[in-house]
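Visitor: attaching a predicted model along with its sequence, questions to come.
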Amino acid sequence: MIALHPTRTARLFGRIAAQQNEHPTKPRPVLLPSCPACTLRSERATLRADGRRLRFTACGHVFSLTREALLAGLAAQRSA
Ligand SMILES: [Zn+2]
């Protein structure tokens, strides 16, 4: 498990949200921004219900988010 720094979380969540805003009606999943650990791009990343774990489906990398990182990410998501 890799700890995701608040700054990187904010950048990642912001990019994912911006990308989803660009392609709201695409029938096929759009590749997400690359995984911060290996740069592989997944179609999906799963955020655990409590928001503290983020898993990229293509490479299986799992990131742990502190509460601070999660809040930074959500703020970036809202403002994307
Ligand atoms: Zn990865």
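Guide: Noted; the coordinates are in hand. Nothing here was measured: the structure is a model prediction, and the numbers come from that model.

Visitor: got the residues of the chain near the ion?
Guide: Contacts of the chain with the ion, taken as C-beta under 5 Å from the ion, map to C35, A37, C38, C59, H61. Yep, even glycine has a C-beta here, placed from its N, CA and C like the rest.

Visitor: contacts only, for the last one.
Guide: To tie it back to what came earlier, the one meant is H61. Counting by C-beta atoms under 8 Å, 6 or more residues apart in numbering, H61 makes contact with I2, C35, P36, A37, C38, R55.

Visitor: rewinding a little: determine which two of the residues of the chain next to the ion are furthest apart.
Guide: A37 and C59 (7.5 Å; C-beta to C-beta).

Visitor: isn't I16 right up against A76?
Guide: No - in this structure, I16 is not within contact of A76 by C-beta atoms under 8 Å, at 9.3 Å.

Visitor: how many other residues sit next to Q19?
Guide: Q19: 14 surrounding residues under other C-beta atoms under 10 Å.

Visitor: and the contacts of H61, which are buried?
Guide: C35, P36, R55 (16 or more other C-beta atoms under 10 Å).

Visitor: point out the least confident member of those residues, please.
Guide: Lowest pLDDT of those: P36, 92.

Visitor: what about that residue, distance to T25?
Guide: P36 is 28 Å from T25, where distance means C-beta to C-beta, to the nearest Å.

Visitor: only C-alpha atoms, please: export the longest helix seen in the chain in PDB.
Guide: If you go by DSSP state H, the chain has its longest helix at helix 6-22. Taking Å, rounded to 0.1, in the frame of the first residue of the first chain, the C-alpha atoms of helix 6-22 are listed here in PDB:
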ATOM      1  CA  PRO A   6      -2.600  15.400  -0.100                       C
ATOM      2  CA  THR A   7      -1.100  17.400  -3.000                       C
ATOM      3  CA  ARG A   8      -1.000  14.400  -5.300                       C
ATOM      4  CA  THR A   9      -4.500  13.300  -4.200                       C
ATOM      5  CA  ALA A  10      -5.900  16.800  -5.000                       C
ATOM      6  CA  ARG A  11      -4.200  16.700  -8.400                       C
ATOM      7  CA  LEU A  12      -5.400  13.200  -9.200                       C
ATOM      8  CA  PHE A  13      -9.000  13.700  -8.100                       C
ATOM      9  CA  GLY A  14      -9.100  17.100  -9.900                       C
ATOM     10  CA  ARG A  15      -7.900  15.500 -13.100                       C
ATOM     11  CA  ILE A  16     -10.400  12.600 -12.900                       C
ATOM     12  CA  ALA A  17     -13.300  15.000 -12.200                       C
ATOM     13  CA  ALA A  18     -12.200  17.300 -15.100                       C
ATOM     14  CA  GLN A  19     -12.000  14.300 -17.400                       C
ATOM     15  CA  GLN A  20     -15.500  13.000 -16.400                       C
ATOM     16  CA  ASN A  21     -16.900  16.500 -17.000                       C
ATOM     17  CA  GLU A  22     -15.400  16.400 -20.500                       C
END
